[in-house]
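Enquirer: Quick check, what structure comes out for this input:
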Amino acid sequence: MRRRAFLCLSLAAAVRLARAAHFAAVRPGIPLVFPRDQGAHPDFRIEWWYVTGWIDSAAGAPNGFQITFFRVAPGIAGDNPSRFAPREILFAHAALADPREHRLLTAERSARAGFELAGARRERTGVWIGDWSLDQTADGYRARADAGTFALELQLARSQEILPQGEAGYSRKGIDPRAASYYYSEPQLRVSGSVARAGRSAGVSGLAWLDHEWSSELLSGGAVGWDWVGLNLADGSAWMAFRLRGSDGRTLWAGGTLRAPGGASRALDPGELAFEPLRLWRSARSLAEYPIGMMLRVPDHSVELRPLMDDQEVDARRSTGGFYWEGAVRAYEGGRELGRGHLELTGYAGALRL
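Expert: The predicted model follows:
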């Protein structure tokens, strides 16, 4: 029990410890270099690899999924030569949105990096906790997570070039330029593989989105959370948009990128996009109200985001320290479905402490 309690150190607590330590700052004008920057960045205190997507099988309705790995440097024991020193903490979330269940199936893991039991490689994407893993392959990624109630075994094949976010990968998160991250996405990943439920495995296919982001100061002063969406559209285009919210619900900062079907992309300024809540859903677990129906306005488009199902709340209190809503959504314009993606809503069950 004592070991488990230590391994389940929350992300919020780890980050508070890290504030006293010195970590690298995010600065503009530093180009991302691949594949090196697809690996871990231990000079920065927080990092994540986020995979979300939609998958279909011959057995039934489409499902949404999530596999996420977080790396946090607590900022303690840096000079301790012991292999047991907690220099880095790893967290992982896995989720399956199955409309037949009427709620999100979720699981989470936590571990100290080390002894090849958990870790994040520097030279390429390779992050794992036990038998959960996300590994870079010749043409994309391989993702594995066995949660007991469900298991994901997925291949993610690249179909487009990497999409740097913000200014060539420097993504502002506020007026203060120190509130920023290095950030790129890989949209339109072609999914194949299998999903297991109740001892039965079914082949699946679909599309996914990968985000990789790292920073030492992510949220600007006054921000309590964010709304984020990544959309794979049917014509091959890809849209990302986010906003940071204050305690009064107003937008403190916003940004995004629109990639056209041919590959050309355009970064959005804060005033060029807006999230407008259309419908609220109240969680019986956290008592939070989430705007799960949204209107996303970007230049030349007003797109309605509709959830695959209402209850897609993640209870991550045993790992990253709180609740958030991470849901599969469809995008509609003028009554026509444009594509699918995921909407992430954080800070509604309490202010984030990053």
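Enquirer: Quick one, grab the pLDDT at Asp211.
Expert: Reading off the confidence values, Asp211 has pLDDT 98.
Enquirer: most centrally placed residue in the chain?
Expert: Tyr50 (3.7 Å; Cα atoms, centre = their mean).
Enquirer: Tell me the strands beside the strand or helix carrying that residue, with direction?
Expert: Tyr50 belongs to strand 46-57 when assigned by DSSP states H and E. Using DSSP bridges, the strands paired with strand 46-57 are strand 60-72 (antiparallel), strand 200-217 (antiparallel).
Enquirer: For the chain, give me the ranges with low pLDDT.
Expert: Low-confidence segments of the chain, defined by pLDDT under 70: 1-21, 75-86, 218, 319-321, 352-354.
Enquirer: what's near enough to touch Val191?
Expert: Gly53, Ile55, Leu154, Gln155, Leu156, Ala157, Val204, Ser205, Gly206, Leu207, Ala208 (Cβ atoms under 8 Å, 6 or more residues apart in numbering). Heads up, the C-betas are built off the backbone N, CA and C, glycines and all.
Enquirer: hmm, try it at 6 Å
Expert: Neighbouring residues of Val191 by Cβ atoms under 6 Å, 6 or more residues apart in numbering: Gly53, Ile55, Leu154, Leu156, Ser205, Gly206, Ala208.
Enquirer: Could you tell me how far stretch 341-354 lies from the centre of the chain?
Expert: Relative to its chain's centre, stretch 341-354 lies at 11 Å (Cα atoms, centre = their mean, to the nearest Å).
Enquirer: Where do the helices of the protein begin and end?
Expert: 2-7, 11-18 (DSSP state H).
Enquirer: circling back: most tightly surrounded among the strands paired with strand 46-57?
Expert: Of all those, strand 60-72 has the most neighbours on average by mean count of other Cβ atoms under 10 Å, namely a mean of 22.
Enquirer: Just the residues contacting it, thanks.
Expert: With Cβ under 6 Å, 6+ apart as the test, strand 60-72 has contacts from 11, 14, 40, 46-56, 88-99, 120, 127, 134, 143, 145, 308, 326, 328.
Enquirer: Give me the buried entries from those residues.
Expert: Taking 16 or more other Cβ atoms under 10 Å as the criterion, what is buried in the contacts of strand 60-72 is 11, 14, 40, 46-55, 88-98, 120, 127, 134, 143, 145, 308, 326, 328.
Enquirer: Who is the nearest residue to Arg158 once chain neighbours are set aside paired with across the strands?
Expert: Closest residue to Arg158 in three dimensions, ignoring its sequence neighbours and counting by Cβ to Cβ, 6 or more residues apart in numbering: Gly140, at 4.5 Å. On the basis of DSSP bridges, Gly140 is bridged to Ala157.
Enquirer: what's the answer for Thr68, then?
Expert: As for beta bridges, Thr68 partners with Tyr50, His93 under DSSP bridges.
Enquirer: Ends of stretch 192-206, what's the gap?
Expert: Length of stretch 192-206, first residue to last, Cα to Cα, to the nearest Å: 7 Å.
Enquirer: Please state the offset of stretch 188-195 from the chain centre?
Expert: 17 Å.
Enquirer: meant to ask about stretch 64-74, not that
Expert: Averaging C-alpha positions (Cα atoms, centre = their mean) puts stretch 64-74 7 Å from its chain's average.
Enquirer: Dig out what Ala151 forms beta bridges with.
Expert: Under DSSP bridges, the beta-bridge partners of Ala151 are Asp146, Ala196.
Enquirer: how deep is it tucked in, by neighbour count?
Expert: 19 (other Cβ atoms under 10 Å).
Enquirer: repeat for Leu287
Expert: 10.
Enquirer: Which residues are in contact with Ser201?
Expert: Residues near Ser201 by Cβ under 6 Å, 6+ apart: Ser194.
Enquirer: Please repeat the previous calculation with a cut-off of 8 Å.
Expert: Counting by Cβ under 8 Å, 6+ apart, Ser201 makes contact with Ala151, Ser194, Val195.
Enquirer: Now do the first one against Val195, distance only.
Expert: Going back to what we said before, that points to Ala151. 7 Å (Cβ to Cβ, to the nearest Å).
Enquirer: hmm, back to that, so which of the strands paired with strand 46-57 gets nearest Leu338?
Expert: Leu338 sits nearest to strand 200-217 of all those, at 13.1 Å, using Cβ to Cβ.
Enquirer: just how off-centre is the closest one within its chain?
Expert: The answer for strand 200-217 is 8 Å, by Cα atoms, centre = their mean.
Enquirer: Likewise for stretch 325-332?
Expert: Offset of stretch 325-332 from its chain centre (Cα atoms, centre = their mean): 13 Å.
Enquirer: ok, and what's touching that stretch?
Expert: The contact list for stretch 325-332 (Cβ under 8 Å, 6+ apart) reads 52, 54, 62-64, 66, 95, 97, 104, 229, 231, 233, 283, 288, 290, 292, 294, 296, 303-309, 312-314, 337-346, 348.
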